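S.K.: Need coordinates for the below:
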Amino acid sequence: MSTEDNKALVRRYIETWNRGDLPGMAEFWSPDMVHHTRMGSHGFNAVLNIVSGFMTAFPDLQFEIVDLVADGDRVASRMIARATHTGEYMGMPATGKPVECSVFGIARVAGGKLVEHWGVTDELHLMQQVGLLPEAVLAAMG
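M.R.: So this is what the prediction gives:
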C-alpha cells in the first residue's frame, strides 16, 4: 500500500471510532496486532477490552484529526479528543462533564490492517477534567 493508502486507512479507522462502532474498528486490526502504551504492550483482545471500557466511559467520543502524516508503513496522527464523561472512568463515577485532550499516535500498517500502534493520550489533563486530579497539580507543571 502507498503512504496515501495508509493515511486513508487510518482516517477510515478514526471515522469508525467516531461512530462508536467497536466491531467495525476491530475489522481494521490484524489478529496479531500490538498496541503500545505507557502501561505496556497489549494484543487484540486486551485492546478490545481497553477500547470498550473507554467507549463506556465516553460514549460520544469524537476525534478531530489535526495532523496525519505518513512515511512508508507508518502513519502519525495528532488529534483532539472530545467527549462527555457519562460512565465510570478510572474508578470515578460519571460526572456529565465535557472533556477534551490531545492524543498522539503512530500506526504501522501491513496488508491493509493496523498491525502495531504506539499511543499517547494527555491523561493528566483528562483526569483533571473529570475530578481525579487537582487543578493545582497541572498548574504546577506549567
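S.K.: tell me the mean pLDDT over stretch 8-15?
M.R.: In this model, stretch 8-15 has an average pLDDT of 98.
S.K.: contacting residues around that stretch?
M.R.: Identification of contacts with stretch 8-15 by C-beta atoms under 8 Å, 6 or more residues apart in numbering yields 1, 25, 28, 63, 65, 68, 75, 77, 79, 107, 109, 112, 114. From N, CA and C alone the C-beta is placed, and that goes for glycine too.
S.K.: residues contacting the last one?
M.R.: Okay, so that is Leu114. Per C-beta under 8 Å, 6+ apart, neighbours of Leu114: 9-10, 13, 28-30, 33, 107-108.
S.K.: what's the following helix or strand after whatever helix or strand it lives in?
M.R.: Using DSSP states H and E, Leu114 sits in strand 113-121. Downstream of strand 113-121, the next assigned helix or strand under DSSP H and E is helix 123-129.
S.K.: Walking through the chain, point out its strands one by one.
M.R.: 29-37, 40-42, 62-71, 74-84, 98-110, 113-121 (DSSP state E).
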